[in-house]
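Participant: Predicted structure and sequence below. I'll ask about it afterward.
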Amino acid sequence: MIFLKKIKKFSTSVRNIRPVSHVIFDIDGLLLRTEDIYYKTDEQVIAKYGKKYTWDLRMKILGCSEQTTAETLVSELKLPITPTKYNEEVKKILKKTLKEASLMPGAERLVKHLAANNIPIAVATSSGKESVIAKTSKHQQLFKLFHHIVMASSDSEIKHGKPAPDVFLVCAKRFPDNPNPEKCLVFEDSPNGVKAAINANMQVVLVPEEYVSDEDRKLATCVINSLNDFNPELFGLPPFRDCD
């Protein structure tokens, strides 16, 4: 774990739960272990210009689109480059390192369980197409189970990144039956992602790192330590079987 500032371990908590019919997943830090990769990359590029990547700044951009991240970092740190140039430098590094991303605990089990039970599932990520291709390259069979993947940083229909609801609303709309947002359950790891889901009028399961504050966790419908701890029955979804 790169982040040194941590909050004490947390236990599962739930509130105001209602049944759902569709499920939407974030990728980074939720399905794939990529947050440390992104952190190291941003830190490397920022250090190149004699600046320091602070804790508060990291929390500010967690879950944001690639463009918003670049604009925020360049502006806040007064980097002598444009956001476009910043993104170019970051993508050059990530093109190689993201291919090593591994699955988060419980991700494969949950996705396969929902797919096997014909629950419509999709992905809504702040990333762009190039980075999604890189980080999912070793897990193609799993990601083929999703009906669609919405990539906010390269999707012209999405005007505003998280915490705006755009990416989740567009994702829901692209299911064949265009479900009411209230029937969608989102899985997220970042506070900005949780806010985006809430703004889309969707329920959200938060699977945060230890550094996410108690205040940010309170916004979620459900908070769990890992995807292994998720109980589908709470949301009216098919229960896991012993063989899952």
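Facilitator: Sure, I can see it.

Participant: how long is stretch 45-60 from one end to the other?
Facilitator: Distance across stretch 45-60, first residue to last, is 18 Å (C-alpha to C-alpha, to the nearest Å).

Participant: in that stretch, what counts as buried?
Facilitator: Within stretch 45-60, the residues scored as buried using 16 or more other C-beta atoms under 10 Å are 45-46, 51, 53, 57-60. Yep, even glycine has a C-beta here, placed from its N, CA and C like the rest.

Participant: what's the closest of these to residue 38?
Facilitator: The shortest approach to residue 38 among the buried residues of stretch 45-60 belongs to residue 58, at 9.6 Å (C-beta to C-beta).

Participant: for this protein, what are the low-confidence residue spans?
Facilitator: The chain contains residues with pLDDT under 70 at 1-15, 242-244.

Participant: mind listing the helices for it?
Facilitator: Remark: helices assigned in the chain by DSSP state H are 35-48, 55-61, 66-77, 83-97, 107-116, 129-135, 140-143, 166-173, 191-199, 214-217.

Participant: helices and strands around the second one, which ones?
Facilitator: The criterion is 3 or more C-beta pairs under 8 Å, 6 or more residues apart in numbering; DSSP states H and E, and the helices and strands that helix 55-61 contacts are helix 66-77.

Participant: and for the helix it packs on, what are the contacting residues?
Facilitator: 42, 46, 49, 51, 57, 60-61, 64, 79, 81-84, 86-87, 90, 126-128, 131, 153, 161 (C-beta atoms under 8 Å, 6 or more residues apart in numbering).

Participant: Phi, psi for the most centrally placed residue in the chain please.
Facilitator: In the chain, the residue lying closest to the centroid (C-alpha atoms, centre = their mean) is residue 26, at 3.3 Å. Backbone geometry at residue 26, expressed as degrees, to the nearest 10, gives phi -80, psi 170.
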